[in-house]
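Participant: Need a 3D model of the following:
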Amino acid sequence: MKVLVSALEHSANVHLKALRAHLSDEVEFIGIFDTTLGTPLVDLSTLAIMGFVDALKKLPFFLKLSSQMLDLAEEADKVLLIDSSGFNLPLAKKLKKRYPDKEIIYYILPQAWAWRHKRIEVINSTVDTIASILPFEKSYYPKDSHIQYVGHPLLDEIHVFKEALSSSGTIAFMPGSRKGEVTKLMPIFHRLATYFKEKELLLIIPPHFTAGQIRTLYGDLSRFRISHEPHQALYEAEFAFICSGTATLEASLIGTPFVLSYIAKPLDYFIGSRLIKLEYVGLGNIMFSKMCGRRLHEELLQEAVTAENLYRAYCNMDKALFFHDALQLRSYLKHGSSETVARLIEM
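Facilitator: Prediction:
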């Protein structure tokens, strides 16, 4: 069986690798994915974008890539789309028009409940199998929708969970997986590190960065111990400072208190703050607020991201309350989704 896969983001490929482990050897991936899973159409490093401005710059490239995926779909038995709604939703519409009988599975759905609710209509009419990873998401879809909650993939991928609040003496820093994120946050994290003279400092660097990129992006690393294993690093740490993204939910599920920090390009932030009607940015906060009506952790954005503010947030955080709430969130999400989605693909 050939499956046309569209997994553009690093996080999407982490989920895809977990899913691959539950698929038979007869399933072959074609399309867009990490090179460890086969031979993709394109090098994923060329796809890394951050915000609306970067997306506009690369629009011709993505239009050509969409056309290539549309042609390649002729070989596929099924289609698997993961996250990246800006690319995958228009692709789904084109695929359904050209190949009306080919099953399209969407895993890690667009957050249409947060903004652009009309996307729900598009997903419902275009996608054959809607695999939701958020328990509350189904309530935003029509009652006759074929959406199903399959569990959250991070519960498959994380193998270390805290059962008690840690006092390890280690502080973790996660400035992101994109060059733009790291460039903005590392100077601030270097200043922040000076506040923790009695602590071990652990810097989490994504494995896809080369030695040359690390030297350019991260600066002097003499004060830090380096880790390329985020889950293990977060498990070891008693506290973390994390860029917005999947890592914030990983820390929440593992049970490590943290502060979210994010600096977007001014134009991106201006556009996003007007289009996206969300009280919170962090995935853990979004989910926990749906569950309990309050936030799980503090968020600092844009000009508020300073070493002084981050350290103050660390000092003032009720870490015991966070840990109690994090255990609730872990229970709320229940089980992992990889095996369930694998069965949907091979049905």
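
Participant: wait, what's in contact with Leu44?
Facilitator: 8, 10, 13, 32-35 (Cβ atoms under 8 Å, 6 or more residues apart in numbering). Backbone N, C-alpha and C define where each C-beta goes, glycine included.

Participant: For ChimeraX, what selects the buried ones among these?
Facilitator: Per 16 or more other Cβ atoms under 10 Å, the buried members of the contacts of Leu44 correspond to this ChimeraX selection:
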select :8,10,13,32,33,34
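
Participant: which one of the contacts of Leu44 is nearest Glu250?
Facilitator: Set against Glu250, the nearest of those by Cβ to Cβ is His10 (12.7 Å).

Participant: Tell me the confidence at that closest one?
Facilitator: Looking at His10, its pLDDT reads 82.

Participant: Next one: it from Ser227, what distance?
Facilitator: Using Cβ to Cβ, to the nearest Å, His10 is found at 16 Å from Ser227.

Participant: quick one: contacts for Ala313?
Facilitator: Contact partners of Ala313, counting by Cβ under 8 Å, 6+ apart, are 259, 298, 300.

Participant: Just put these in CSV and tack on pLDDT and neighbour count.
Facilitator: Compiled in CSV, the contacts of Ala313 are given as follows (pLDDT from 0 to 100; neighbours: other Cβ atoms under 10 Å):
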residue, pLDDT, neighbour count
Val259, 97, 23
Glu298, 94, 20
Leu300, 95, 20
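
Participant: Identify all contacting residues around the helix or strand where Ala18 lies.
Facilitator: Using DSSP states H and E, Ala18 sits within helix 10-20. Helix 10-20 is contacted by residues 5, 7, 29, 33-34, 36-37, 44, 82-84, 107-108, 153, 156-157, 177, 206, 208, 245-246, 336, 338, 341-342, 345 when judged by Cβ under 8 Å, 6+ apart.

Participant: pLDDT weak spots in the chain?
Facilitator: For the chain, residues meeting the criterion pLDDT under 70 lie at 45-57, 114-116, 266-278.

Participant: so what's the residue most central in space within the chain closest to, chain neighbours aside?
Facilitator: Taking Cα atoms, centre = their mean, the centroid of the chain lies closest to Thr246, which sits 3.5 Å from it. Among residues not flanking Thr246 along the chain, Ser11 sits closest, at 4.4 Å (Cβ to Cβ, 6 or more residues apart in numbering).

Participant: Where do the strands of the protein begin and end?
Facilitator: Using DSSP state E, the strands of the chain run over residues 2-6, 28-32, 78-82, 103-107, 129-132, 147-149, 170-174, 200-204, 224-227, 239-243, 258-262, 298-301.

Participant: Out of these, the one nearest Val122 is which?
Facilitator: Closest approach to Val122 among the strands of the chain is made by strand 103-107 (10.5 Å; Cβ to Cβ).

Participant: could I have that closest one exported to PDB, CA atoms only?
Facilitator: What follows is strand 103-107 as a C-alpha-only set of coordinates in PDB (Å, rounded to 0.1, in the frame of the first residue of the first chain):
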ATOM      1  CA  GLU A 103      -9.600   8.400   1.000                       C
ATOM      2  CA  ILE A 104      -8.100  11.400   2.700                       C
ATOM      3  CA  ILE A 105      -7.100  11.200   6.400                       C
ATOM      4  CA  TYR A 106      -6.300  14.300   8.300                       C
ATOM      5  CA  TYR A 107      -4.400  13.800  11.500                       C
END
